[in-house]
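[1] below: sequence and its predicted model.
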Amino acid sequence: MRQKHQESPIPQPRIVPRPEHQLSRKDISVEALKVLYRLHHAGYLAYLVGGSVRDLLLGKKPKDFDVVTDARPGEIRKLFRNSRIIGRRFRLVQVFFRGAHIVEVSTFRRRSEFDETGEEAVPARDKAYGTPAEDALRRDLTINALFYNIEGFSLVDYVGGLEDLRAGRIRVIGDPGVRFVRDPVRMLRVLRHAARTGFAIDPGSWEEIRTLGHLIRTCAPARVRDELLKDFHSAAAGPFFDLLLRSRLFYAIFPAWDSRLDPRGEQRLVDLMGRLDRLVNASYHLSDSLIWAVFFTPLLERESRPGSFKELREFIHEKLPEALGGIEFPRQRRDEVALMLALEEIAADLERQQRPIPVRYQRLAAFPEVWLLHQIKETPDKDLLGECRPLEITPRPSKPKPRRTRRRRRRRGRGGGEGGKILGEGARGRGQ
């Protein structure tokens, strides 16, 4: 029998029946519906949750569908043979379908791991699980805490998310100051969803971001880097970096930029991020190294730089760690970004002089992306999608590897070699 835990007062949810909302099962993936129905028919609660519900209510197509239930991970695993349990702290189940489709199923939880203190920081399994209300209240934003109940096809709202969706408002669940102190990365998520939806940020949350932005430096550098990469690839990097700069959270993450980036430099950064958004929307594949090279451009444009390729590359290589602040950056990535930025500047200078780019540069593996970087920086906005395309470089034919000549081993007959001769002579002697 499951152990009961002491619960705080449970808010009463707002239940919106099917005739009063526009979320339809035809917009939910077949795989997610299979998971919801199997859980429901087995006697468990089964809710669609999070960003998928938000996007469907906004008329967007979700990237993925997450399911939450009162079934425990082991019970979920028994229902779906095509599944596996992942995670140590809070386990969830991934259900696999043909075509590389994955539906993640989690159990209702009491709180976020970042909201735990004292003994709660290492919760027992039974203490980690909770009710639908507790699961909704542990989430970051009201618009991401809505449930769609497959039983009756109703919406379940414990936090006022439906009202915030209609009002176009980004609001933190609970006290923003407390939630940001416990996990400063939540500030990035507030700005991210405001940028992607075009919603206004709740004034209380905005003021707390401006006040507590310095706490972002206490987060693991790799975690902050990974969060930023999501926004680089989101097709909403322009508005995101605009909010990041206006809230000054940008300078908390990258303090070295504070005294070097004037208003023109800030606008240059936002414009370049907007250009990336247009390419992402046009299904361009942009590598992380190319995106970081675009990101560093406004800062380097305000530096006095050496003229030769080798010196320029070394100069940029030395500047990158300072520009990154505490953000973790693998050495290989730093080498790639320094090479691309240095080579682009040399290529741009040669193009201005109407001189050909040396073949030794064009033969470098990075040159097609370098040329794309140059187009992103220099092409007029109206011509961006028409002109901005990777340069086709004919690869240099590889030299054929010299064929290795194998030495043939001498075949030895029975009794061959020196020993064979001796034995042979001995045999002939006995015959005589």
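    Thanks, I have it.
[2] how about the contacts made by the nearest residue to residue 70 once chain neighbours are set aside?
    Excluding its sequence neighbours, the residue lying closest to residue 70 (Cβ to Cβ, 6 or more residues apart in numbering) is residue 45, at 4.7 Å. (Each C-beta comes from the backbone N, C-alpha and C, glycine too.) Contacts of residue 45 were listed using Cβ atoms under 8 Å, 6 or more residues apart in numbering, and they are 39, 69-70, 108, 132, 149, 151.
[3] before we move on, what about residue 293?
    337, 340-341, 344, 373.
[4] where does it land on pLDDT?
    You'll see residue 293 listed with a pLDDT of 96.
[5] need the three-state assignment for it.
    Following DSSP: H, G, I helix; E, B strand; the rest coil, residue 293 is assigned to helix.
[6] how much space between the closest residue to it other than its chain neighbours and residue 296?
    Nearest in space to residue 293, with sequence neighbours left out and distances taken as Cβ to Cβ, 6+ apart, is residue 340 at 4.6 Å. Distance, residue 340 to residue 296, using Cβ to Cβ, to the nearest Å: 10 Å.
[7] these two: which is more packed in?
    Between residue 340 and residue 296, counted using other Cβ atoms under 10 Å, the more crowded position is residue 340 (27 against 20).
[8] that one against residue 289, yeah?
    Yes. If you go by Cβ atoms under 8 Å, residue 340 and residue 289 touch, sitting 6.4 Å apart.
[9] identify the contacts common to those two.
    Common neighbours of residue 340 and residue 289 (Cβ under 8 Å, 6+ apart) are residue 369.
[10] and the biggest helix by length in the chain, what does it pack onto?
    Ranked by residue count under DSSP state H, the longest helix found in the chain is helix 331-352. Applying 3 or more Cβ pairs under 8 Å, 6 or more residues apart in numbering; DSSP states H and E, we find helix 331-352 packed against helix 288-300, helix 309-324, helix 359-362, helix 367-378.
[11] counting by contacts, list what the second one packs against.
    By that I understand helix 309-324. helix 288-300, helix 331-352.
[12] in the shortest one, which residues are buried?
    This points to helix 288-300. Of all the residues in helix 288-300, those buried under the rule 16 or more other Cβ atoms under 10 Å are 289-300.
[13] widest-spaced pair of those?
    Using Cβ to Cβ, these span at most 17.3 Å, a distance reached by 289 and 298.
[14] report the distance from the helix or strand where residue 207 lies to the chain centre.
    Secondary structure assigned from DSSP states H and E places residue 207 in helix 203-212. Chain-centre distance of helix 203-212: 25 Å, with Cα atoms, centre = their mean, to the nearest Å.
[15] state the mean pLDDT of it.
    pLDDT averaged over helix 203-212 gives 97.
[16] now that helix: buried residues?
    The neighbour-count check on helix 203-212 (16+ other Cβ under 10 Å) flags 205-206, 208-209, 212 as buried.
[17] and what of stretch 149-163?
    The neighbour-count check on stretch 149-163 (16+ other Cβ under 10 Å) flags 149-150, 154-162 as buried.
[18] reformat those residues as CSV; add pLDDT and distance to residue 22.
    Conversion of the buried residues of stretch 149-163 to CSV gives the following (pLDDT from 0 to 100; distance: Cβ to Cβ, whole Å):
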residue, pLDDT, distance to residue 22
149, 97, 16
150, 96, 17
154, 96, 13
155, 97, 10
156, 97, 16
157, 97, 15
158, 96, 20
159, 96, 20
160, 95, 19
161, 96, 15
162, 97, 12
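[19] distance to residue 21 for these - can I get that in a markdown table?
    What follows is the buried residues of stretch 149-163, written out as a markdown table (distance: Cβ to Cβ, whole Å):
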| residue | distance to residue 21 |
| --- | --- |
| 149 | 11 |
| 150 | 14 |
| 154 | 8 |
| 155 | 5 |
| 156 | 11 |
| 157 | 10 |
| 158 | 16 |
| 159 | 16 |
| 160 | 15 |
| 161 | 12 |
| 162 | 8 |
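[20] of all those residues, which two lie farthest apart?
    150 and 160 (22.7 Å).
[21] and the strands in the stretch 101-250 of the chain?
    All strands of the stretch 101-250 of the chain, identified by DSSP state E, counting those that start in this stretch, fall at 101-107, 147-149, 154-157, 169-170, 200-201.
[22] and which of the buried residues of helix 288-300 is nearest to residue 221?
    Nearest to residue 221, judged by Cβ to Cβ, of these is residue 292 at 14.5 Å.
[23] so that closest one touches residue 333, yeah?
    Yes. Counting by Cβ under 8 Å, residue 292 touches residue 333, with 7.1 Å between them.
[24] quick one: closest of the strands of the stretch 101-250 of the chain to residue 316.
    Proximity to residue 316 (Cβ to Cβ) singles out strand 200-201 among those, at 35.2 Å.
[25] returning to what we had before: and the residue nearest to residue 70, how close does it get to residue 82?
    22 Å.
[26] over to residue 211?
    Taking Cβ to Cβ, one finds residue 211 at 48 Å from residue 82.
[27] likewise residue 193?
    Distance, residue 193 to residue 82, by Cβ to Cβ: 32 Å.
[28] cool, residue 223 as well?
    31 Å.
[29] quick one: which of these two has more around it?
    More crowded of residue 223 and residue 82, by other Cβ under 10 Å: residue 223, with 13 against 9.
[30] which residues does the more buried one contact?
    By Cβ under 8 Å, 6+ apart, the residues touching residue 223 are residue 185.
[31] helix or strand for residue 67, just tell me which one.
    For residue 67, the element it lies in under DSSP H and E is strand 66-69.
[32] could you list the low-confidence segments of the stretch 1-150 of the chain?
    Across the stretch 1-150 of the chain, residues meeting the criterion (pLDDT under 70) sit at 1-9, 112-127.
[33] can you list the buried residues in stretch 274-284?
    Neighbour-count burial for stretch 274-284 flags 274-280, 284 (criterion: 16+ other Cβ under 10 Å).
[34] return the subset of these lying in helices.
    Under the assignment DSSP H, those contribute 274-280 to helices.
[35] show me where the stretch 101-250 of the chain has helices.
    Using DSSP state H, counting those that start in this stretch, the helices of the stretch 101-250 of the chain run over 125-128, 132-137, 161-167, 176-182, 185-197, 203-212, 221-232, 237-246, 249-253.
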